[in-house]
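Undergrad: Generate a structure from the sequence data that follows.
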Amino acid sequence: MTQKTQSPFGSWKSPISPQLITQSSISFVEAKSYNNNLYFIEMRPSEKGRYVLRRFNAAETDRSIDDVKATNGVNVRGRVHEYGSDAWLVLEKQLPVKGLRNADQEQVLYSDFETQSLYLNERLIEDGTKTERRYANGVEDAVNDSFIYVCEDHSVVSKGEAKEPKNSIVQWKYDAEKDTFSLTTIAEGHDFYSSPALSSDGQRIAFVAWNHPQMPWDSTVLYEYNRSTGETTKIAGDGEESIMFPTYSPDDTLYFISDRSDGYWNIHRAGQDQQVECIFQKKAEFTSPAWRFGFVTFAFLDKDTLFCVHGSDQGAQLIKYDIPNRKATNQNAPFLSMSFLQLSQDKSKLFFIGGHPTEPTAVAEYNISTGEFHKIRVECEVDIDKSYYSVPQSLTFPSGDGVAYGYFYAPTNPEFEGPDGEKPIVLLKVHGGPTSAASTNFNLKYQFWTSRGIAVFDVNTAGSTGFGRDFRRKLYKNWGVYDIQDCKNAVKFLGQQGLANPKAAVIDGGSAGGYTTLACLAFTDAFAAGCSLYGVADLELLAAHTHKFESRYLDKLIGEYPKEKDIYIKRSPIHSIDSIKAPLLLLQGDEDKIVPPEQAEVMYNTMKEKGSVVALKMFKGEQHGFRGSEAQIQSLEMELYFFSKVLGFQPADNCTQVAIENL
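TA: The predicted structure follows:
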């Protein structure tokens, strides 16, 4: 065994560079199966974060991967709810639309991100710059030559007719004789809609709806619209129930995910008498919170059998489930996370996006007859020895009157070790949301830190998903309290366990995680420094200026505004800058519509004037989350540079520098 060189934590030389991470990396956003092939969106940092639609030709004689010609050069991304998911639809039944190029391959309905216009191949269905309507979550109705969409109409705001966009379920119908498309409304009146699903005869349309101040993981209602009668019937939803992702089985029974059973998102179905039954009850989550459209975690093999994914202590499990006999068979998938389950048309293969701690996330397939798994495409092609990879350790630690959770990544490098008797620097990672969760999926950005001698602790504080409704709702009225408490106790726990130096703990997070980062610096002395990526500094400003989807989110997390304005002020880091003693780096996109860049600018200017150690980098053209390779590279390098200056270690890298005030 090669003798390791002792070197200060943070100064280890590593082959995992920011350039390697971005140049070799893409991200898989979503996947769908059509006519036995798999279509998926990959986000390319090298193309300024463009969403590219690709096709995997699954026939054994082909198995090639191509960009879909119908969307060549287009950023296939919507802006419903601002997060831009599920903005495309490949047609199973081709329409006799005149003049389409490449229609011999496939017909694709999609949104162009730049204009939010809706296209069928190159045929413009609607000019988004004129109508100001946005579309997502589409489903084909081949029986009626139409498409069902979630629509978000912003024209009502620009016309002064409403204070926020109008959401609805709509239908675009094609008239072959006239070669025209017409738009009609199927459902309206609720603040939000999602997940339209069609019965096989096209006569029934199920969908989910909810109103302010609820979020889709709080309380939703499941409806069914009957085309024959024109009536809409409430199927489920009692005010406390979170329902998501309705799907019709092959015999047109309506199935869906609900947390009505023991507070966990389990699979349910509605009988002919509309009685709801839980068909797979388990203290495990069968889905994730609906931040995005089209997130699918179960699929039917036949009317009595489905494939599904649920969480466990060992990671996600792929299950083949016999519904009549309530028998679950683990398929022993070599992945610890799986999403976007899609069966091929001939039911021979199951496609999905799968993640693993030490192997890149992959678009993958499962051969149902042979039981074999195959990776179709991976997110990054890197020739790095696995001895540089840190394997996450699941930890549960005491906090407040209960526990919190996290994944600990120890410093790992085959060539270096820390000085005798010293414990490593630890970077505490706080996920966004805050209704989200830490993941064990392979993350080269985490390995960037650990291979340089800096431990990473990816925490699941109160409010995180994956642990049931009670833990998720624990943050209600307590954002800025329990999450901070959990982060502080995480550092204490790591010190007690001898895993890290609690006096050299730093913290970072994006969006909601950025708020917790700022709040931890403002309201505790647990951290030596912090980095906020597009984080919330002013809760009042967020409540007043954020987009519709999250405009009442804080009612649950903090309190009604302005009725409880005093709480917003008390918990806003921007009003407690005098309490921030630790150095702070702010990284922000100047086109962010979710967390306005003014918050970072105000925080920076105020801290600078007060003599606090602070730095700000505003990335031009970036939005909520950095998608371009330049921003991704510079943000990593600047964070390493910043921490090295304030903690006093010398990186082995030549990092992009950021101007640090008052150092």
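
Undergrad: show me what contacts Ala537?
TA: Tyr515, Leu518, Ser572, Pro573, Ile574, Gln599, Ala600, Val602, Met603 (CB atoms under 8 Å, 6 or more residues apart in numbering). Any C-beta I mention is one placed from the backbone N, CA and C, and that applies to glycine too.

Undergrad: can you do 6 Å?
TA: By CB atoms under 6 Å, 6 or more residues apart in numbering, the residues touching Ala537 are Leu518, Pro573, Ile574, Gln599, Met603.

Undergrad: So the first one: helix, strand or coil?
TA: Following DSSP: H, G, I helix; E, B strand; the rest coil, Leu518 is assigned to helix.

Undergrad: so it sits right up against Pro573, yeah?
TA: Yes: contact status for Leu518 versus Pro573: in contact at 3.9 Å, counting by CB atoms under 6 Å.

Undergrad: and the contacts of Ala537 as CSV, adding secondary structure and distance to Val208?
TA: As requested, the contacts of Ala537 are exported to CSV (DSSP: H, G, I helix; E, B strand; the rest coil; distance: CB to CB, whole Å):
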residue, secondary structure, distance to Val208
Leu518, helix, 34
Pro573, helix, 35
Ile574, helix, 36
Gln599, helix, 32
Met603, helix, 37
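
Undergrad: Including pLDDT, could these go into a markdown table?
TA: A markdown table is the format used below for the contacts of Ala537 (pLDDT from 0 to 100):
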| residue | pLDDT |
| --- | --- |
| Leu518 | 97 |
| Pro573 | 94 |
| Ile574 | 90 |
| Gln599 | 87 |
| Met603 | 91 |
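
Undergrad: Which among these count as buried?
TA: Of all the contacts of Ala537 considered here, the ones buried according to neighbour count by 16 or more other CB atoms under 10 Å are Leu518, Pro573, Ile574, Gln599, Met603.

Undergrad: Could you verify my assumption that the fourth one touches Asp538?
TA: Yes: using CB under 6 Å as the test, Gln599 is close enough to Asp538 to be in contact (5.3 Å).

Undergrad: before we move on, the earlier item: closest one to Gly371 out of the buried ones among the contacts of Ala537, please.
TA: Ranked by distance to Gly371 (CB to CB), the buried ones among the contacts of Ala537 are led by Leu518 at 48.7 Å.

Undergrad: Identify the residues contacting that closest one.
TA: Taking CB under 6 Å, 6+ apart as the definition of contact, the neighbours of Leu518 are Ser532, Gly535, Ala537, Pro573.

Undergrad: Count the neighbours of the first one for me.
TA: To tie it back to what came earlier, the one meant is Ser532. Residues within reach of Ser532, counting by other CB atoms under 10 Å, total 32.

Undergrad: That one sits in which helix or strand?
TA: Following DSSP states H and E, one finds Ser532 within strand 529-533.

Undergrad: who touches that strand?
TA: The set of residues external to strand 529-533 that reach it, using CB under 6 Å, 6+ apart, is 506-508, 510, 514, 517-518, 521, 582-587, 639, 643, 646.

Undergrad: Show me those residues that map onto helices.
TA: Of the positions in the contacts of strand 529-533, Gly514, Thr517, Leu518, Leu521, Glu639, Phe643, Val646 sit in helices, assigned by DSSP state H.

Undergrad: Dump these into CSV; add distance to Phe626 as well.
TA: Putting the ones in helices among the contacts of strand 529-533 into CSV (distance: CB to CB, whole Å) gives the following:
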residue, distance to Phe626
Gly514, 12
Thr517, 16
Leu518, 18
Leu521, 21
Glu639, 12
Phe643, 18
Val646, 22
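
Undergrad: how far out from the middle of the chain is the strand holding Ser532?
TA: Between the centre of strand 529-533 and the centre of its host chain there is 21 Å, according to CA atoms, centre = their mean, to the nearest Å.

Undergrad: Work out for me the element the spatially closest residue to Asn501 that is not a sequence neighbour sits within.
TA: Distance criterion CB to CB, 6 or more residues apart in numbering; nearest residue to Asn501, sequence neighbours excluded, is Lys423 at 4.1 Å. Using DSSP H and E, Lys423 maps to neither a helix nor a strand.

Undergrad: Over to Lys423: give its phi and psi.
TA: Backbone dihedrals for Lys423, given as degrees, to the nearest 10, come out at phi -100, psi 150.

Undergrad: How much space separates it from Phe523?
TA: When CB to CB, to the nearest Å is the yardstick, Lys423 and Phe523 sit 25 Å from each other.

Undergrad: ditto for Met638
TA: Met638 is 25 Å from Phe523, by CB to CB.

Undergrad: Which residue of those two possesses the greater neighbour count?
TA: The neighbour count for Met638 versus Phe523, taken as other CB under 10 Å, is higher for Met638 (22 against 19).

Undergrad: quick one: contacts for the more buried one?
TA: For Met638, the residues meeting the contact criterion (CB under 6 Å, 6+ apart) are Lys617, Thr656, Val658.

Undergrad: Out of these, which sit inside strands?
TA: Those of the contacts of Met638 mapping onto strands are Lys617, per DSSP state E.

Undergrad: which among the contacts of Met638 gets closest to Arg123?
TA: Nearest to Arg123 among the contacts of Met638, with distances taken as CB to CB, is Lys617, at 42.0 Å.

Undergrad: I'd say the closest one and Val658 touch.
TA: Yes: between Lys617 and Val658 there is a contact at 5.4 Å, judged by CB under 6 Å.

Undergrad: This protein: helices as residue ranges?
TA: In the chain, the segments counted as helices under DSSP H are 18-23, 128-131, 155-158, 444-450, 469-473, 482-496, 512-523, 539-545, 553-557, 565-571, 598-609, 629-647.

Undergrad: Please work out which of these is packed deepest.
TA: Ranked by mean neighbour count under mean count of other CB atoms under 10 Å, these are led by helix 512-523, which reaches a mean of 28.

Undergrad: quick one: contacts for the residue nearest to Tyr388 when sequence neighbours are not counted?
TA: Leaving out its chain neighbours, the residue that sits closest to Tyr388 by CB to CB, 6+ apart is Ser451, at 4.9 Å. Shown in contact with Ser451 (CB under 6 Å, 6+ apart): Ser14, Ile16, Tyr388, Asn413.

Undergrad: Out of the buried ones among the contacts of Ala537, the closest to Val108 would be?
TA: Nearest to Val108 among the buried ones among the contacts of Ala537, counting by CB to CB, is Gln599 at 38.1 Å.

Undergrad: So what's the residue count around Thr358?
TA: The number of residues near Thr358, taken as other CB under 10 Å, comes to 12.

Undergrad: Next one: it relative to Gln393, how far apart?
TA: For Thr358, the distance to Gln393 (CB to CB) stands at 13 Å.

Undergrad: Near Arg101, how many other residues are there?
TA: Arg101 has 11 neighbours, counted by other CB under 10 Å.

Undergrad: do you know how far the residue nearest to Tyr174 when sequence neighbours are not counted is from Ile125?
TA: Distances taken as CB to CB, 6+ apart put Asp145 closest to Tyr174, at 4.6 Å, once the chain neighbours are dropped. From Asp145 over to Ile125 the distance is 13 Å, taken as CB to CB.

Undergrad: what does Ser390 give?
TA: With the distance defined as CB to CB, Ser390 ends up 48 Å from Ile125.
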